[in-house]
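1. here is my input, please return the structure:
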Amino acid sequence: MDTVEQLNGKYFFDGMSVDGDELLLWLILDEFRKRFSEITDIVAVASILASFPVIPVRGKLDAKKATRGTSPLSMMSRMYIRQRFKKPRRTITWKKMLRGEWAYTTSVGAYVGRWVPWVGAAITAYDLSIITRNVIHRYKLITGVRG
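-> Below you'll find the predicted structure:
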């Protein structure tokens with residue numbers, strides 16, 4: 001654990017003299033550094049970023065309902081996984097999620113490409129909850145705040 005001292009309302013954290021708010025900021029940054037150094041976290045965030053529809057495509061049938069463009073993740077998964085389901089399967093996209101609807105597909109590649117980011121989102125949400133818990137614990141421990 002870092003050396004932390006308190007003197008006249010100031011905290012000395014990692015060689016810096018900081019007040020309570022700055023201490024909180026440095027604790028958050030320190031916990032992020034500790035937590036997001038694992039490859040799982042990097043892959044989780046990358047899967048979310050790779051799911052945004054930034055690649056333009058032509059030929060979507062219903063321009064009002066269809067999401068404009070496709071994501072790199074969906075494009076690659078469709079290219080490498082060419083199998084089909086017999087019946088359409090439920091998946092979710094960002095646009096459909098905002099409208100509270102399901103998207104359907106018979107493409108196994110599209111199915112995988114649409115669900116992978118949600119696994120990444122779950123991992124990221126878990127990490128953020130751990131970071132929050134650790135920051136609160138360390139802040140209370142250092143400042144002596146009870147409750």
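2. when you work out contacts or count neighbours from here on, use the C-alpha atoms and nothing else.
-> Fine.
3. contact partners for the closest residue to residue 96 other than its chain neighbours?
-> Using Cα to Cα, 6 or more residues apart in numbering and skipping residues adjacent in sequence, the residue nearest residue 96 is residue 102, 6.1 Å away. Residue 102 makes contacts with 90-93, 96, as judged by Cα atoms under 8 Å, 6 or more residues apart in numbering.
4. state the number of residues packed around residue 111.
-> Neighbour count of residue 111, defined by other Cα atoms under 10 Å: 24.
5. which other helices and strands contact the longest strand seen in the chain?
-> Longest strand of the chain, by residue count under DSSP state E: strand 84-91. Secondary-structure packing of strand 84-91 (3 or more Cα pairs under 8 Å, 6 or more residues apart in numbering; DSSP states H and E): strand 103-107, helix 108-143.
6. try it again at 6 Å.
-> Under the contact definition 3 or more Cα pairs under 6 Å, 6 or more residues apart in numbering; DSSP states H and E, strand 84-91 sits against strand 103-107.
7. contact partners of the strand it packs on?
-> Applying Cα atoms under 6 Å, 6 or more residues apart in numbering, the contact partners of strand 103-107 are 84-85, 88-92.
8. partners of the longest strand of the chain in the sheet?
-> With DSSP bridges as the test, strand 84-91 is paired with strand 103-107 (antiparallel).
9. buried set for the strand it pairs with?
-> Going by neighbour count (16 or more other Cα atoms under 10 Å), the buried part of strand 103-107 is 103, 105, 107.
10. count residues in the vicinity of residue 109, would you?
-> Residue 109 has 21 nearby residues by other Cα under 10 Å.
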